[in-house]
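1. Just to be clear, the model below is a prediction. Sequence and coordinates:
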Amino acid sequence: VGILFQVGVNYANDYSDGIRGTDDQRVGPLRLTASRAAPAWSVKRAAFACFGLAMFAGLVLIILSRTWPLLLGGVGCLIAAWGYTGGSNPYGYKGLGGVFVFLFFGIVATMGTTYTQALQVSWPSFIGAVGTGLIATALLMANNVRDIPTDREVGKLTLAVRIGDEAARISYVMMLAVALLLPLVLVYDYPWVLLVLLLAPLCLQPSWTMLKGQQRNSLIPVLQQTGMINLGSAAAYGLGLVLSKVV
């Protein structure tokens with residue numbers, strides 16, 4: 001469900017930003033709509049195909065786990081996915097993209113998954129949700145810092161545009177730091193969550209690039225690096241919780 005929504009959001013952003021002209025002077029990788037590599041209608045269709053498959057997979061999961069209240073969460077995910085840059089009043093153009101990424105790719109995704117498997121949520125699941133949400137938001141921040149000049153020109157007021165280049169870069173580092181240090185509040189009951197700190201060295205290069213990289217295209221590798229940090233920290237955190245119970 002999470003993967004399909006992530007892919008769908010990227011197609012939707014490609015379509016919506018492309019037809020608005022936001023990506024006409026893009027620094028980052030090729031966009032299908034803006035570059036005319038694919039017709040706008042086909043990109044939009046791909047977005048909604050992913051959303052449809054995500055909702056189907058989510059419905060199957062809800063039926064199997066009998067967690068009917070999560071139907072509302074699924075509808076919320078769909079609305080948030082399209083409303084980021086789509087529609088007449090996209091919240092991503094108002095500086096609220098980071099808030100929704102934190103909520104839906106952090107809190108909703110992690111705790112929703114926990115609820116379908118355990119039929120309850122817990123303090124460790126909340127800590128994990130906040131951590132992964134912060135790293136996902138940091139990834140978005142890196143992307144938006146790269147696009148500050150072009151976003152400002154077209155009136156896309158992302159949070160990075162609103163708070164300025166320097167503050168946005170610092171916020172990236174702070175989000176990574178909090179995400180890695182937050183699990184320490186559980187060390188007394190789950191000592192193996194210290195495994196998360198093994199990801200600290202991987203944070204040095206992207207953090208340095210964010211703070212010192214002046215060329216906008218130098219920030220492109222940060223996106224992949226941050227994604228790997230998110231994956232690694234989630235795996236280390238989950239393994240730490242399990243080992244703390246069995247060792």
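-> That came in fine, so what should we check first?

2. need the contact list for the closest residue to Tyr84 other than its chain neighbours.
-> Distances taken as Cβ to Cβ, 6 or more residues apart in numbering put Gly92 closest to Tyr84, at 4.4 Å, once the chain neighbours are dropped. The way it works is simple: take the backbone N, C-alpha and C, and place the C-beta from them, glycine included. Listed by Cβ atoms under 8 Å, 6 or more residues apart in numbering, the contact set of Gly92 reads 13, 84-85, 156, 158.

3. and with 7 Å instead?
-> Shown in contact with Gly92 (Cβ atoms under 7 Å, 6 or more residues apart in numbering): 84-85, 158.

4. what do you get for Ala179?
-> 131, 134-135, 233.

5. Go again with 10 Å.
-> 106, 127-128, 130-138, 196, 199, 203, 229-230, 233, 237 (Cβ atoms under 10 Å, 6 or more residues apart in numbering).

6. got a pLDDT number for Arg20?
-> What the model reports for Arg20 is a pLDDT of 84.

7. Please report how far it lies from Ala54.
-> The spacing between Arg20 and Ala54, counted by Cβ to Cβ, to the nearest Å, is 24 Å.

8. Settle it for me: which of the two has more neighbours?
-> Ala54 (23 against 18; other Cβ atoms under 10 Å).

9. Once you drop chain neighbours, what's closest to that one?
-> Leu4 (3.6 Å).

10. Work out for me the element the one you found sits within.
-> Per DSSP states H and E: Leu4 is located in helix 2-20.

11. Could you pull out the buried residues of that helix?
-> Within helix 2-20, the residues that count as buried by 16 or more other Cβ atoms under 10 Å are 2, 4-5, 7-20.

12. send the alpha carbons of it over as CSV?
-> The C-alpha trace of helix 2-20 is given here as CSV (Å, rounded to 0.1, in the frame of the first residue of the first chain):
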residue,chain,number,x,y,z
GLY,A,2,2.8,2.4,1.0
ILE,A,3,4.9,1.7,-2.1
LEU,A,4,1.9,2.2,-4.5
PHE,A,5,0.9,5.4,-2.9
GLN,A,6,4.5,6.6,-3.1
VAL,A,7,4.7,5.8,-6.8
GLY,A,8,1.3,7.3,-7.4
VAL,A,9,2.2,10.6,-5.6
ASN,A,10,5.3,10.9,-7.8
TYR,A,11,3.2,10.4,-11.0
ALA,A,12,0.6,12.9,-9.7
ASN,A,13,3.2,15.5,-8.9
ASP,A,14,4.8,15.0,-12.3
TYR,A,15,1.4,15.6,-13.9
SER,A,16,0.2,18.5,-11.8
ASP,A,17,3.5,20.4,-11.7
GLY,A,18,4.0,19.7,-15.4
ILE,A,19,0.7,21.2,-16.6
ARG,A,20,1.2,24.2,-14.3
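
13. In terms of secondary structure, what does it contact?
-> helix 32-35, helix 40-65, helix 70-83, helix 109-118, helix 148-154 (3 or more Cβ pairs under 10 Å, 6 or more residues apart in numbering; DSSP states H and E).

14. If anything else comes up later, I'll come back, but that's it for now.
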